[in-house]
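# Model the structure of this input:
(one chain, ligands or ions: 2)
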Amino acid sequence: STTTNPHPLSPFPRSQNNSRVHRLQLPARRLPSFPAVAPGASFAPLPQRLGMASLAASAAAAAEVTHLTQRDAAEIDEQLMGPLGFSVDQLMELAGLSVAAALAEVYKLNEHARVLVICGPGNNGGDGLVAARHLYHFGYRPSICYPKRTPKPLYSGLVTQLESLSIPFIPVEDLPNELPREFDVIVDAMFGFSFHGTPRPPFDHLIQMLVSLSDIQNPDKRPAIVSIDIPSGWHVEEGDVDGGIKPDMLVSLTAPKLCAKKFTGPHHFLGGRFVPPPILNKYGLQLPPYPGTSMCVRIGKAPSVEISSLRENYISPELLESQVMSDPFDQPVCVSPMQWL
Ligand SMILES: NC(=O)C1=CN([C@@H]2O[C@H](COP(=O)(O)OP(=O)(O)OC[C@H]3O[C@@H](n4cnc5c(N)ncnc54)[C@H](O)[C@@H]3O)[C@@H](O)[C@H]2O)[C@H](O)CC1
Ligand SMILES: [K+]
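Residues are numbered from 1 along each chain as shown. Ligands and ions are numbered 1, 2, ... in the order given. Got it, this is the predicted structure:
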């Protein structure tokens, strides 16, 4: 045999005949162990091929999506970036792309081009920087507020990339008083699952600013707030315990954290389509399947679609996202919106 000894950190155990077994086994933390994942399918626990009749079952299953503790979220991150071979840059790129894709699904370019991304000092802020770059390439006009920059090559590289696109960085003290007039969407990328305690300056002020915005009742008179992974300032497990931000949209990454159970806004999405079976199995994750090649999937029920919006833009997907199956030949029968007109 030409095989050599495995690297000491190799995740692949030797099989008896001394060849590498390309299946990483992490010790199970929890009971459930799901059947093998079908090739090309993201997640085994939910039915991979849902017909029209099983849409109700799908909605019910959405209610059973796994919610992670703060500790498990951090542990999964460590395993992805340790024995599972990912780099932080890779995961952040996919996380940020998921956020941009989810935002673009809900807040269409023609009405929501002006996006302010407020970035914190950690990886949640990094996700925001990546999302801003993708939004730019989707045609949006992002601006960034990044008051506490992290002096690591990953972050300075992301800043350089954004500067090369002439994306404005707005110092916190120069943020316009009249945010609703200046922006259509605000992305909250301040804190994710490592947040603890109460926010320190200048984030206390920035969070208060978003709280005041979410107090404006008429959604047409204020920018929509999109939180990445955790609504910043919320307790990662308890949720909004202190009159915090009420985002319109939450994009959970990898899996929702416990605080997401308290999210009552209209748009909850899951992103971070990179979770491999060893993590799914070890943590017994129940997650919805991603449709087709999408980087994000809606969790829970979509708000009802207005016929007028379909008439305006009839080439939009004809199905609610939650109805779209991963297999293009397995879509439920749908009446074209043009036939309704
Ligand atoms: N596997 C995944 O799902 C991935 C998710 N990603 C994103 O990363 C964040 C978690 O990133 P992390 O760097 O661990 O932490 P945070 O961004 O939450 O912030 C840490 C940062 O904040 C400071 N801090 C903590 N508490 C406070 C406070 N009360 N006041 C002020 N500052 C505070 C702390 O000192 C640190 O500097 C996750 O949520 C996802 O968004 C990855 O991008 C990809 C993998
Ligand atoms: K956040």
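
# you'd agree Glu111 is up against Pro219?
No: checked against C-beta atoms under 8 Å, the pair Glu111 and Pro219 is beyond contact range at 11.9 Å. Yep, even glycine has a C-beta here, placed from its N, CA and C like the rest.

# The two - which one has more neighbours?
Between Glu111 and Pro219, counted using other C-beta atoms under 10 Å, Pro219 has the larger neighbour count: 11 against 8.

# How about that one: what's its closest non-neighbour residue?
Nearest non-adjacent residue to Pro219, counting by C-beta to C-beta, 6 or more residues apart in numbering: Asp248, 7.0 Å away.

# For the one you found, give me its contacts.
Shown in contact with Asp248 (C-beta atoms under 8 Å, 6 or more residues apart in numbering): 219, 224-226, 265-267.

# Just the local confidence number for it, please.
Looking at Asp248, its pLDDT stands at 96.

# cool, Val130 as well?
Val130 is assigned 98 on the pLDDT scale.

# In helices, which of the contacts of Asp248 fall?
Secondary structure of the contacts of Asp248 is defined by DSSP state H; no position falls in helices.

# Considering these, which is situated nearest to ligand 2?
In terms of C-beta to the ion, no member of the contacts of Asp248 lies closer to ligand 2 than Val226, at 9.1 Å.

# What pLDDT is listed against the closest one?
With respect to pLDDT, Val226 has a value of 98.

# these two touch, right, it and Ala101?
No: with the criterion set as C-beta under 8 Å, Val226 and Ala101 do not qualify as a contacting pair; they are 11.8 Å apart.

# Looking at those two, which is more packed in?
The residue with more neighbours, out of Val226 and Ala101 and counting by other C-beta under 10 Å, is Val226; that gives 28 against 20.

# gap between the residue nearest to that one when sequence neighbours are not counted and Pro151?
Excluding its sequence neighbours, the residue lying closest to Val226 (C-beta to C-beta, 6+ apart) is Met249, at 4.4 Å. Between Met249 and Pro151 the distance, using C-beta to C-beta, to the nearest Å, works out to 31 Å.

# Comparing these two, which residue is more hemmed in?
Met249 (24 against 6).

# picking up where we left off before, let me have the contacts of Asp248 in JSON lines, extended by distance to ligand 2.
Converted to JSON lines, those look like this (distance: C-beta to the ion, whole Å):
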{"residue": "Pro219", "distance to ligand 2": "20"}
{"residue": "Ala224", "distance to ligand 2": "14"}
{"residue": "Ile225", "distance to ligand 2": "10"}
{"residue": "Val226", "distance to ligand 2": "9"}
{"residue": "Gly265", "distance to ligand 2": "13"}
{"residue": "Pro266", "distance to ligand 2": "18"}
{"residue": "His267", "distance to ligand 2": "15"}
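
# Kindly indicate which of those lies nearest ligand 1.
Using C-beta to the nearest ligand atom, Val226 comes nearest to ligand 1 of the contacts of Asp248, at 12.6 Å.

# For Val251, I want the exact helix or strand it lies within.
With elements taken from DSSP states H and E, the one containing Val251 is strand 249-253.

# re the thing from before, which of the contacts of Asp248 fall in strands?
Members of the contacts of Asp248 lying in strands (criterion: DSSP state E): 224-226, 267.

# For ligand 2, tell me whether the strand holding Val251 is touching it.
No: applying C-beta under 5 Å from the ion, one finds strand 249-253 separated from ligand 2 by no less than 8.8 Å.

# hmm, that strand touching ligand 1?
Yes: counting by C-beta under 6 Å from any ligand atom, ligand 1 is contacted by strand 249-253 at Leu253.

# Residues in contact with that strand: which ones?
The list of residues contacting strand 249-253 from outside it, by C-beta under 8 Å, 6+ apart, reads 95, 98-99, 102-103, 106-107, 127, 192, 224-229, 231, 256, 260, 263, 265-272, 296, 299.
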